[in-house]
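**Q** okay, here's the prediction I keep looking at, along with the sequence it came from:
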Amino acid sequence: MKQYLDLCQRIVDEGEWVENKRTGIKCLTVINADLEYDVANNQFPLITTRKSFYKAAIAELLGYLRGYDNAAQFREIGCKTWDANANQNDAWLNNPARKGDDDMGRVYGVQGRSWQRPDGSTLDQLKKVVDNLSKGIDDRGEIVTFYNPGEFELGCLRPCMHSHQFSLLGGTLYLNSTQRSCDVPLGLNFNQIQCFVLLALMAQITGHKPGKAYHKIINAHIYENQLDLMRDVQLKREPFPAPQLKINPKIQSLEDIESWVTTDDFDVVGYQCHDPIKYPFAV
Ligand SMILES: Nc1nc(=O)c2c([nH]1)NC[C@@H]1CN(c3ccc(C(=O)N[C@@H](CCC(=O)O)C(=O)O)cc3)CN21
Ligand SMILES: O=c1ccn([C@H]2C[C@H](O)[C@@H](COP(=O)(O)O)O2)c(=O)[nH]1
(Lines give C-alpha, C1' and ligand atoms only; values in the text may rest on other atoms or scores of the structure.)
(Ligands and ions follow the chains in the order given, each with its own letter.)
Protein backbone atom coordinates (compact mmCIF):
# COMPACT_ATOMS: atom_id res chain seq x y z
CA MET A 1 0.00 0.00 0.00
CA LYS A 2 2.86 2.38 0.81
CA GLN A 3 4.29 2.06 -2.70
CA TYR A 4 0.88 2.97 -4.18
CA LEU A 5 0.54 6.04 -1.98
CA ASP A 6 4.15 7.04 -2.68
CA LEU A 7 3.43 6.91 -6.43
CA CYS A 8 0.26 9.00 -6.01
CA GLN A 9 2.18 11.56 -3.92
CA ARG A 10 5.04 11.61 -6.44
CA ILE A 11 2.59 12.41 -9.27
CA VAL A 12 1.02 15.20 -7.18
CA ASP A 13 4.45 16.65 -6.23
CA GLU A 14 6.50 16.11 -9.40
CA GLY A 15 4.01 15.36 -12.21
CA GLU A 16 3.93 17.39 -15.40
CA TRP A 17 0.72 18.28 -17.25
CA VAL A 18 0.27 16.45 -20.54
CA GLU A 19 -2.60 17.06 -22.98
CA ASN A 20 -4.42 13.87 -24.03
CA LYS A 21 -6.03 13.87 -27.45
CA ARG A 22 -7.96 10.60 -27.10
CA THR A 23 -9.98 11.64 -24.03
CA GLY A 24 -9.66 15.43 -24.23
CA ILE A 25 -8.66 15.51 -20.53
CA LYS A 26 -5.14 16.45 -19.54
CA CYS A 27 -3.14 14.32 -17.12
CA LEU A 28 -0.59 15.01 -14.39
CA THR A 29 2.10 12.54 -15.43
CA VAL A 30 5.34 10.90 -14.30
CA ILE A 31 7.47 8.41 -16.23
CA ASN A 32 8.51 5.04 -14.77
CA ALA A 33 7.36 3.36 -11.60
CA ASP A 34 8.38 -0.07 -10.33
CA LEU A 35 6.00 -1.80 -7.94
CA GLU A 36 6.34 -5.27 -6.42
CA TYR A 37 3.92 -7.62 -4.76
CA ASP A 38 4.83 -10.32 -2.24
CA VAL A 39 2.74 -13.24 -3.42
CA ALA A 40 4.91 -15.74 -1.47
CA ASN A 41 3.76 -14.18 1.81
CA ASN A 42 0.23 -13.45 0.55
CA GLN A 43 0.42 -9.68 1.05
CA PHE A 44 -2.58 -8.88 -1.16
CA PRO A 45 -2.08 -5.36 -2.62
CA LEU A 46 -5.61 -4.13 -2.09
CA ILE A 47 -6.05 -0.38 -1.75
CA THR A 48 -7.18 0.38 1.82
CA THR A 49 -7.49 4.19 1.65
CA ARG A 50 -10.75 3.67 -0.25
CA LYS A 51 -13.02 0.68 -0.75
CA SER A 52 -11.77 -1.50 -3.62
CA PHE A 53 -14.22 -3.52 -5.70
CA TYR A 54 -11.68 -6.25 -6.12
CA LYS A 55 -14.07 -8.91 -7.46
CA ALA A 56 -14.56 -6.86 -10.64
CA ALA A 57 -10.77 -6.71 -11.11
CA ILE A 58 -10.51 -10.50 -10.73
CA ALA A 59 -13.44 -10.99 -13.14
CA GLU A 60 -11.68 -8.77 -15.68
CA LEU A 61 -8.54 -10.94 -15.39
CA LEU A 62 -10.58 -14.14 -15.80
CA GLY A 63 -12.10 -12.65 -18.98
CA TYR A 64 -8.62 -11.94 -20.37
CA LEU A 65 -7.45 -15.48 -19.56
CA ARG A 66 -10.51 -16.87 -21.38
CA GLY A 67 -9.94 -14.72 -24.45
CA TYR A 68 -13.16 -12.68 -24.18
CA ASP A 69 -13.78 -10.03 -26.85
CA ASN A 70 -17.15 -8.62 -25.78
CA ALA A 71 -18.23 -6.37 -22.90
CA ALA A 72 -21.38 -8.49 -22.36
CA GLN A 73 -19.18 -11.52 -21.55
CA PHE A 74 -17.36 -9.42 -18.96
CA ARG A 75 -20.66 -8.20 -17.47
CA GLU A 76 -21.88 -11.79 -17.13
CA ILE A 77 -18.96 -12.62 -14.83
CA GLY A 78 -19.28 -9.43 -12.76
CA CYS A 79 -17.23 -6.77 -14.53
CA LYS A 80 -18.60 -3.62 -16.14
CA THR A 81 -15.28 -1.95 -16.89
CA TRP A 82 -15.43 -2.48 -20.67
CA ASP A 83 -18.93 -1.07 -21.27
CA ALA A 84 -17.71 2.47 -21.95
CA ASN A 85 -14.75 1.63 -24.19
CA ALA A 86 -16.87 -0.82 -26.22
CA ASN A 87 -19.96 1.37 -26.59
CA GLN A 88 -19.18 5.04 -25.99
CA ASN A 89 -15.95 5.78 -27.78
CA ASP A 90 -16.62 7.63 -31.07
CA ALA A 91 -13.50 6.41 -32.87
CA TRP A 92 -14.47 2.78 -32.14
CA LEU A 93 -18.20 3.32 -32.87
CA ASN A 94 -17.23 4.60 -36.33
CA ASN A 95 -14.68 1.84 -36.95
CA PRO A 96 -15.92 -0.64 -39.63
CA ALA A 97 -14.17 -3.47 -37.72
CA ARG A 98 -16.66 -3.11 -34.80
CA LYS A 99 -19.06 -6.10 -34.98
CA GLY A 100 -21.92 -4.49 -33.03
CA ASP A 101 -23.01 -3.67 -29.46
CA ASP A 102 -20.46 -4.59 -26.80
CA ASP A 103 -17.83 -5.78 -29.30
CA MET A 104 -14.31 -4.90 -28.13
CA GLY A 105 -12.47 -6.32 -31.12
CA ARG A 106 -9.06 -7.98 -31.10
CA VAL A 107 -7.86 -6.80 -27.68
CA TYR A 108 -6.18 -8.38 -24.65
CA GLY A 109 -7.33 -12.01 -24.32
CA VAL A 110 -7.98 -12.38 -28.04
CA GLN A 111 -4.28 -11.76 -28.62
CA GLY A 112 -3.31 -13.91 -25.62
CA ARG A 113 -5.35 -16.93 -26.70
CA SER A 114 -5.59 -16.61 -30.49
CA TRP A 115 -2.79 -14.53 -31.96
CA GLN A 116 -3.24 -14.58 -35.73
CA ARG A 117 -0.39 -16.20 -37.69
CA PRO A 118 0.32 -15.19 -41.31
CA ASP A 119 -0.89 -18.62 -42.54
CA GLY A 120 -4.34 -18.07 -40.99
CA SER A 121 -3.85 -20.42 -38.01
CA THR A 122 -3.83 -19.08 -34.44
CA LEU A 123 -1.36 -19.29 -31.58
CA ASP A 124 -2.47 -19.85 -27.96
CA GLN A 125 0.27 -17.99 -26.05
CA LEU A 126 -1.15 -18.74 -22.62
CA LYS A 127 -1.47 -22.49 -23.18
CA LYS A 128 2.16 -22.72 -24.33
CA VAL A 129 3.34 -20.97 -21.14
CA VAL A 130 1.11 -23.10 -18.88
CA ASP A 131 2.26 -26.32 -20.57
CA ASN A 132 5.95 -25.42 -20.26
CA LEU A 133 5.75 -24.24 -16.64
CA SER A 134 3.77 -27.37 -15.70
CA LYS A 135 6.71 -29.45 -16.98
CA GLY A 136 9.18 -27.29 -15.06
CA ILE A 137 10.41 -25.61 -18.25
CA ASP A 138 11.36 -21.91 -18.40
CA ASP A 139 12.73 -21.26 -21.89
CA ARG A 140 13.47 -17.60 -21.01
CA GLY A 141 10.59 -16.63 -23.22
CA GLU A 142 7.54 -17.61 -21.15
CA ILE A 143 5.75 -14.48 -22.30
CA VAL A 144 2.12 -13.70 -22.88
CA THR A 145 1.79 -10.42 -24.77
CA PHE A 146 -1.41 -8.67 -25.72
CA TYR A 147 0.56 -6.00 -27.61
CA ASN A 148 -0.01 -6.47 -31.35
CA PRO A 149 0.53 -3.10 -33.11
CA GLY A 150 -0.50 -4.61 -36.47
CA GLU A 151 -4.02 -5.12 -35.10
CA PHE A 152 -4.55 -1.95 -33.04
CA GLU A 153 -7.13 -0.68 -35.52
CA LEU A 154 -9.14 -3.90 -34.97
CA GLY A 155 -9.74 -3.18 -31.25
CA CYS A 156 -11.44 -0.55 -29.09
CA LEU A 157 -8.32 0.28 -27.01
CA ARG A 158 -4.65 -0.60 -27.07
CA PRO A 159 -3.81 -2.90 -24.15
CA CYS A 160 -2.40 -1.05 -21.13
CA MET A 161 -0.87 -3.79 -18.95
CA HIS A 162 0.30 -5.55 -22.07
CA SER A 163 3.00 -8.15 -21.39
CA HIS A 164 3.58 -10.79 -18.74
CA GLN A 165 6.78 -12.86 -18.48
CA PHE A 166 6.95 -15.82 -16.09
CA SER A 167 10.24 -17.18 -14.72
CA LEU A 168 11.11 -20.31 -12.77
CA LEU A 169 14.03 -20.10 -10.38
CA GLY A 170 14.80 -22.68 -7.72
CA GLY A 171 11.27 -24.08 -7.97
CA THR A 172 9.66 -20.67 -7.42
CA LEU A 173 7.55 -18.88 -10.03
CA TYR A 174 8.03 -15.15 -10.65
CA LEU A 175 6.15 -12.67 -12.83
CA ASN A 176 7.25 -9.45 -14.54
CA SER A 177 4.38 -7.40 -15.96
CA THR A 178 4.73 -4.27 -18.09
CA GLN A 179 2.16 -1.49 -18.39
CA ARG A 180 2.53 1.31 -20.95
CA SER A 181 -0.14 3.66 -19.57
CA CYS A 182 -1.73 3.77 -16.11
CA ASP A 183 -4.74 5.65 -14.71
CA VAL A 184 -3.41 5.57 -11.15
CA PRO A 185 -6.64 6.39 -9.23
CA LEU A 186 -8.84 3.91 -11.16
CA GLY A 187 -6.86 1.49 -13.31
CA LEU A 188 -3.99 0.77 -10.92
CA ASN A 189 -6.40 -0.26 -8.18
CA PHE A 190 -7.38 -3.07 -10.57
CA ASN A 191 -3.98 -3.74 -12.15
CA GLN A 192 -2.22 -4.37 -8.81
CA ILE A 193 -4.81 -7.02 -7.98
CA GLN A 194 -4.47 -8.57 -11.44
CA CYS A 195 -0.66 -8.90 -11.27
CA PHE A 196 -0.91 -10.57 -7.88
CA VAL A 197 -3.75 -12.93 -8.84
CA LEU A 198 -2.12 -13.82 -12.18
CA LEU A 199 1.02 -15.04 -10.43
CA ALA A 200 -0.89 -16.79 -7.62
CA LEU A 201 -3.17 -18.59 -10.10
CA MET A 202 -0.42 -19.58 -12.52
CA ALA A 203 1.66 -20.95 -9.63
CA GLN A 204 -1.33 -22.94 -8.38
CA ILE A 205 -2.21 -24.51 -11.75
CA THR A 206 1.39 -25.27 -12.75
CA GLY A 207 2.37 -26.71 -9.35
CA HIS A 208 4.94 -24.18 -8.15
CA LYS A 209 5.42 -21.89 -5.17
CA PRO A 210 4.74 -18.24 -6.05
CA GLY A 211 7.50 -15.69 -5.42
CA LYS A 212 7.19 -12.00 -6.25
CA ALA A 213 5.29 -10.19 -8.99
CA TYR A 214 7.18 -7.20 -10.42
CA HIS A 215 5.06 -4.51 -12.09
CA LYS A 216 6.68 -1.88 -14.31
CA ILE A 217 4.61 1.13 -15.29
CA ILE A 218 5.87 3.55 -17.94
CA ASN A 219 3.38 6.47 -18.12
CA ALA A 220 1.66 6.90 -14.73
CA HIS A 221 -1.00 9.61 -14.60
CA ILE A 222 -3.86 11.22 -12.74
CA TYR A 223 -6.56 12.85 -14.91
CA GLU A 224 -7.25 16.50 -14.16
CA ASN A 225 -10.80 15.74 -12.95
CA GLN A 226 -9.47 13.15 -10.45
CA LEU A 227 -6.77 15.29 -8.89
CA ASP A 228 -8.74 17.03 -6.11
CA LEU A 229 -10.17 13.74 -4.80
CA MET A 230 -6.72 12.12 -4.82
CA ARG A 231 -4.81 15.03 -3.23
CA ASP A 232 -7.43 16.27 -0.75
CA VAL A 233 -9.26 13.05 0.19
CA GLN A 234 -7.47 9.78 -0.56
CA LEU A 235 -3.94 10.98 0.23
CA LYS A 236 -5.10 12.39 3.58
CA ARG A 237 -6.14 8.95 4.84
CA GLU A 238 -4.02 6.49 6.86
CA PRO A 239 -3.68 3.03 5.25
CA PHE A 240 -4.65 -0.23 7.01
CA PRO A 241 -2.54 -3.44 6.96
CA ALA A 242 -2.65 -5.61 3.81
CA PRO A 243 -5.33 -8.31 3.73
CA GLN A 244 -4.83 -11.88 2.45
CA LEU A 245 -6.25 -13.59 -0.62
CA LYS A 246 -7.71 -17.10 -0.46
CA ILE A 247 -8.05 -18.96 -3.76
CA ASN A 248 -10.13 -22.13 -4.06
CA PRO A 249 -7.53 -24.95 -4.04
CA LYS A 250 -9.74 -26.96 -6.42
CA ILE A 251 -8.58 -24.71 -9.27
CA GLN A 252 -5.92 -26.96 -10.80
CA SER A 253 -5.76 -26.30 -14.55
CA LEU A 254 -6.25 -23.83 -17.37
CA GLU A 255 -9.40 -25.79 -18.30
CA ASP A 256 -10.79 -25.09 -14.80
CA ILE A 257 -10.23 -21.35 -15.34
CA GLU A 258 -11.91 -21.56 -18.75
CA SER A 259 -14.95 -23.55 -17.59
CA TRP A 260 -16.21 -23.18 -14.02
CA VAL A 261 -14.11 -20.68 -12.03
CA THR A 262 -15.99 -17.56 -10.85
CA THR A 263 -15.17 -14.68 -8.53
CA ASP A 264 -16.76 -16.79 -5.72
CA ASP A 265 -13.55 -18.85 -5.83
CA PHE A 266 -11.62 -15.84 -4.48
CA ASP A 267 -12.01 -14.46 -0.98
CA VAL A 268 -10.27 -11.70 0.87
CA VAL A 269 -9.54 -12.13 4.56
CA GLY A 270 -9.00 -9.18 6.89
CA TYR A 271 -9.89 -6.30 4.55
CA GLN A 272 -10.17 -3.05 6.50
CA CYS A 273 -10.70 0.04 4.37
CA HIS A 274 -11.93 3.63 4.26
CA ASP A 275 -15.15 4.73 2.50
CA PRO A 276 -15.45 4.39 -1.29
CA ILE A 277 -14.33 7.29 -3.51
CA LYS A 278 -15.97 7.62 -6.91
CA TYR A 279 -13.33 8.82 -9.36
CA PRO A 280 -14.40 10.11 -12.79
CA PHE A 281 -13.62 7.80 -15.72
CA ALA A 282 -12.19 9.21 -18.97
CA VAL A 283 -13.47 7.49 -22.16
N1 LIG B 1 -9.57 6.12 -18.44
C2 LIG B 1 -9.47 4.79 -18.27
N3 LIG B 1 -8.98 4.34 -17.10
C4 LIG B 1 -8.86 3.00 -16.87
O5 LIG B 1 -8.40 2.62 -15.78
C6 LIG B 1 -9.26 2.09 -17.90
C7 LIG B 1 -9.79 2.61 -19.11
N8 LIG B 1 -9.88 3.97 -19.27
N9 LIG B 1 -10.23 1.78 -20.11
C10 LIG B 1 -10.03 0.36 -20.03
C11 LIG B 1 -9.98 -0.16 -18.66
C12 LIG B 1 -11.26 -0.23 -17.89
N13 LIG B 1 -10.78 -0.08 -16.50
C14 LIG B 1 -11.58 0.34 -15.45
C15 LIG B 1 -12.83 0.89 -15.71
C16 LIG B 1 -13.64 1.31 -14.68
C17 LIG B 1 -13.19 1.18 -13.37
C18 LIG B 1 -14.11 1.63 -12.27
O19 LIG B 1 -15.08 2.32 -12.49
N20 LIG B 1 -13.83 1.27 -11.04
C21 LIG B 1 -14.60 1.68 -9.88
C22 LIG B 1 -15.58 0.64 -9.39
C23 LIG B 1 -15.94 -0.44 -10.31
C24 LIG B 1 -17.02 -1.36 -9.78
O25 LIG B 1 -17.91 -0.93 -9.02
O26 LIG B 1 -17.01 -2.55 -10.15
C27 LIG B 1 -13.65 1.95 -8.73
O28 LIG B 1 -14.08 2.71 -7.85
O29 LIG B 1 -12.56 1.39 -8.71
C30 LIG B 1 -11.95 0.63 -13.10
C31 LIG B 1 -11.15 0.21 -14.15
C32 LIG B 1 -9.37 0.09 -16.49
N33 LIG B 1 -9.16 0.69 -17.77
O1 LIG C 1 -5.80 -2.03 -17.29
C2 LIG C 1 -5.85 -0.81 -17.57
C3 LIG C 1 -6.44 -0.34 -18.74
C4 LIG C 1 -6.44 0.98 -18.98
N5 LIG C 1 -5.87 1.86 -18.12
C6 LIG C 1 -5.92 3.31 -18.42
C7 LIG C 1 -4.66 4.02 -18.76
C8 LIG C 1 -5.17 5.22 -19.57
O9 LIG C 1 -5.64 6.22 -18.68
C10 LIG C 1 -6.35 4.63 -20.31
C11 LIG C 1 -6.00 4.15 -21.69
O12 LIG C 1 -5.74 5.25 -22.51
P13 LIG C 1 -4.60 5.28 -23.65
O14 LIG C 1 -4.88 6.58 -24.34
O15 LIG C 1 -4.84 4.10 -24.53
O16 LIG C 1 -3.27 5.25 -22.95
O17 LIG C 1 -6.76 3.52 -19.54
C18 LIG C 1 -5.29 1.41 -16.95
O19 LIG C 1 -4.78 2.19 -16.12
N20 LIG C 1 -5.28 0.09 -16.72
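**A** Yep, that arrived. Numbering: from 1, shown residues only. Ligands and ions are numbered 1, 2, ... in the order given.

**Q** spatially nearest residue to Lys246, not counting backbone neighbours?
**A** Computed as Cβ to Cβ, 6 or more residues apart in numbering, the closest residue to Lys246 that is not its neighbour in sequence is Asp267, at 4.5 Å. Yep, even glycine has a C-beta here, placed from its N, CA and C like the rest.

**Q** I misspoke; the intended subject was Val39.
**A** Nearest residue to Val39, sequence neighbours excluded (Cβ to Cβ, 6+ apart): Pro210, at 4.0 Å.

**Q** ok, now which ones touch the one you found?
**A** 39-40, 172-173, 199-200, 202-204 (Cβ atoms under 8 Å, 6 or more residues apart in numbering).

**Q** narrow the residues you listed to those that are buried.
**A** Among the contacts of Pro210, those classed as buried by 16 or more other Cβ atoms under 10 Å are 39-40, 173, 199-200, 202-204.

**Q** could you dump those to TSV with secondary structure and pLDDT?
**A** Shown next, in TSV, are the buried ones among the contacts of Pro210 (DSSP: H, G, I helix; E, B strand; the rest coil; pLDDT from 0 to 100):
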residue	secondary structure	pLDDT
Val39	coil	98
Ala40	coil	98
Leu173	strand	98
Leu199	helix	98
Ala200	helix	98
Met202	helix	98
Ala203	helix	98
Gln204	helix	98
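
**Q** now do the closest residue to ligand 1 within the stretch 51-200 of the chain, the pLDDT please.
**A** Nearest residue of the stretch 51-200 of the chain to ligand 1: Gly187, at 2.7 Å (Cβ to the nearest ligand atom). pLDDT, Gly187: 97.

**Q** tell me if I'm right that it and Pro159 touch.
**A** No - counting by Cβ atoms under 8 Å, Pro159 is not a contact partner of Gly187; they are 11.8 Å apart.

**Q** what about Gln3, how many residues nearby?
**A** By other Cβ atoms under 10 Å, the residues close to Gln3 number 15.

**Q** could you check how far it is from Gln9?
**A** 11 Å (Cβ to Cβ, to the nearest Å).

**Q** stretch 57-77: how far from the chain's middle?
**A** Distance, stretch centre to chain centre, for stretch 57-77: 12 Å (Cα atoms, centre = their mean, to the nearest Å).

**Q** thank you kindly, that will do.
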